[in-house]
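Asks: Sharing a sequence plus its predicted fold:
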Amino acid sequence: GFPFSLSVNCEKTSVVTVRGTERADAGALTTGASVFSPDVITTNLKSPFTTFAGGKELRVDWSRLEAKVDTNFNAGLDLIELRGNKIKLSRDGLNASTRSHLSRLTPELWNRKSETKTTSLLYRFWVKNFEMKNTGGLEIPPADIRGVAVLQNGYLDLVDRRLPIKSVLADGANIRLVNLVIALDGGGQLGFSGPIQLSKDGLISGKVRMGIAGPKAVAEWAAKIDPNLQQAVAGLAQATSGMGKPSKIGGKDMRTISVKIKRGEIRLGFIKLGKIPRLQFDR
């Protein structure tokens, strides 16, 4: 009968590794598909989610969390979508939250007329009102973040070869950052675009264009994170206004400059701007 769907409902969810060394618990889970669209599986999960991975408790709460997977009959993938509202994460004195989140993973189209799919994956995401604090004094004030990136050969590795994402990244990955925009209160925005390489040892390299719109608002936001970061942003804003060229990142007009990242070290010419920590793949 209506709504003509097949589903599985669980009052509580627990996942344990084969060796029993790791465990995760969550609330009620509902997953299923309509008989009219059997290739689209929708899953809803109730909070909270808790795990003790790495020996420390990780807890995530939300008001809504839904995942959608659209497969095809050739054992392929057309879409993975994750959306959630009022998400809060806490672990070891660190607290982060977002008002809403939406991300989509789809095959990248190289021929839009015939919709021929390439071996790469296109990732889009939007995060509203992200903020973070920890007991060590680090604070990231509220910001809206959106971005588009392409994982080269991601479809081939993740869908065809069935490799876990951890293995793909740990083996080194090429990512084309189409755009990444951080929008702040007061109209300030930070924009990034360019190719990034992730080495096997977890260090990032690449040459990206960086733009700043509304430098005063960006500097005030950076000052709340770290006074030294405020000085760096002020210097970058001065450089973009003097040496930058007009560009458009994420639909926003900005003056941009080229920033080089070499094995995690960020430089503007001879000036060292900072360091991106090594990514760990064994956790």
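Replies: Here it is on my side, so go on.
Asks: Any buried residues in stretch 18-27, and which?
Replies: Going by neighbour count (16 or more other C-beta atoms under 10 Å), the buried part of stretch 18-27 is Ala26, Gly27. For glycine as for every other residue, the C-beta is placed from the backbone atoms N, C-alpha and C.
Asks: which other residues reach it?
Replies: If you take C-beta atoms under 8 Å, 6 or more residues apart in numbering as the criterion, stretch 18-27 is touched by 12-17, 45-53.
Asks: Mind doing that once more with 7 Å?
Replies: Residues from elsewhere that reach stretch 18-27 (C-beta atoms under 7 Å, 6 or more residues apart in numbering): 12-16, 45-51, 53.
Asks: same deal with stretch 90-99?
Replies: In contact with stretch 90-99 (C-beta under 7 Å, 6+ apart) are residues 56-59, 86-89, 127-135.
Asks: could you redo the last one with a cut-off of 6 Å?
Replies: Stretch 90-99 is contacted from outside by 56, 58-59, 87-89, 127-130, 132-135, using C-beta atoms under 6 Å, 6 or more residues apart in numbering.
Asks: repeat for stretch 243-260
Replies: Stretch 243-260 is contacted from outside by 179, 181, 189, 191, 193, 207-211, 213, 239-240, 267-268, using C-beta under 6 Å, 6+ apart.
Asks: how about the most centrally placed residue in the chain, what does it touch?
Replies: Closest residue to the average C-alpha location of the chain: Phe125 at 6.5 Å, with C-alpha atoms, centre = their mean. Shown in contact with Phe125 (C-beta under 6 Å, 6+ apart): Ser103, Gly147.
Asks: Could you measure from it over to Val178?
Replies: Remark: distance between Phe125 and Val178 (C-beta to C-beta, to the nearest Å) = 12 Å.
Asks: same thing with Val218?
Replies: For Val218 relative to Val178 (C-beta to C-beta), the value is 21 Å.
Asks: Where does the prediction get shaky in the protein?
Replies: The chain contains residues with pLDDT under 70 at 1-3, 20, 53-54, 109-117, 228, 230-231, 242, 268, 270-275, 278-283.
Asks: which helix is the longest one in it?
Replies: helix 227-243 (DSSP state H).
Asks: List the buried residues for the helix or strand following it?
Replies: From helix 227-243 onward toward the C-terminus, using DSSP states H and E, the following helix or strand is strand 245-249. For strand 245-249, the neighbour count (16+ other C-beta under 10 Å) marks Ser247, Ile249 as buried.
Asks: starting at the chain centroid, how far to the host helix or strand of the residue nearest to the centre of the chain?
Replies: Here Phe125 sits within strand 116-134, counting by DSSP H and E. In terms of C-alpha atoms, centre = their mean, to the nearest Å, the centre of strand 116-134 is found 4 Å from the chain centre.
Asks: Number of residues surrounding the nearest residue to Gly244 once chain neighbours are set aside?
Replies: In this structure, Gly244 finds its nearest non-sequential neighbour in Arg255, 3.4 Å apart by C-beta to C-beta, 6 or more residues apart in numbering. Close neighbours of Arg255, defined as other C-beta atoms under 10 Å, add up to 17.
Asks: Asp185 too?
Replies: Asp185: 13 neighbours (other C-beta under 10 Å).
Asks: can you check the one 3 residues further on too?
Replies: Using other C-beta under 10 Å, the number of residues around Gly188 comes to 22.
Asks: Likewise for Val35?
Replies: As a measure of burial, Val35 has 9 neighbours, counting by other C-beta under 10 Å.
Asks: Now it, what are its backbone angles?
Replies: Val35 adopts backbone torsions of phi -70, psi -20, taken as degrees, to the nearest 10.
Asks: need the contact list for it.
Replies: Phe4.
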